[in-house]
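Student: Show me the folded form of this:
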Amino acid sequence: MVTKSVWLVGFPFRSHQGRPVQHFYLVHEAPDAQVALEAALHRARTPGERALRGGLDIEEATAEIREVVCGELGIWHMAERAPLAEGPTAVPTAMRSRRYSA
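Tutor: Got it, this is the predicted structure:
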């Protein structure tokens, strides 16, 4: 039985020097990978987050999404990369307005 679950969503981009960089977002209370992705995208597109990347765009199509699960014994583990459904899913308003940890 799962006691806790969060989603780790990473977006790659290239620095001004051309180095690969990845920004990760922790998304709480998302029911699935697609909703977690959309919640993380919403945050990544904010002016403050964009400024942290030096105005650089993220590579949305190559996002890495993993569920991080805490089991009954309190042991956390990271699941395999999550498959995504085709097409957008509605992100609940409460998730869009909540500030997530990075």
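Student: May I have the secondary structure class of V69?
Tutor: The three-state assignment at V69 reads strand, by DSSP: H, G, I helix; E, B strand; the rest coil.
Student: OK, contacts around it?
Tutor: Neighbouring residues of V69 by C-beta atoms under 8 Å, 6 or more residues apart in numbering: V2, K4, S5, W76, H77, M78, A79. The way it works is simple: take the backbone N, C-alpha and C, and place the C-beta from them, glycine included.
Student: measure the third one to L73 for me?
Tutor: Per C-beta to C-beta, to the nearest Å, S5 is found 15 Å from L73.
Student: neighbour count winner among these two?
Tutor: Ranked by neighbour count (other C-beta atoms under 10 Å), S5 and L73 place S5 first, with 16 against 6.
Student: you'd agree that one is up against C70?
Tutor: Yes - counting by C-beta atoms under 8 Å, C70 is a contact partner of S5 at 7.3 Å.
Student: In strands, which of the contacts of V69 fall?
Tutor: In strands, defined here by DSSP state E, the members of these are V2, K4, S5, W76, H77, M78, A79.
Student: quick one: which of those is nearest P20?
Tutor: M78 (20.2 Å; C-beta to C-beta).
Student: Show me the shaky parts of the chain.
Tutor: 1-3, 83-102 (pLDDT under 70).
Student: could you show me where the strands are in it, in order?
Tutor: 2-14, 20-28, 64-71, 76-81.
Student: Dump the contacts of V69 to CSV, plus distance to R53.
Tutor: Compiled in CSV, the contacts of V69 are given as follows (distance: C-beta to C-beta, whole Å):
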residue, distance to R53
V2, 33
K4, 29
S5, 27
W76, 28
H77, 29
M78, 24
A79, 27
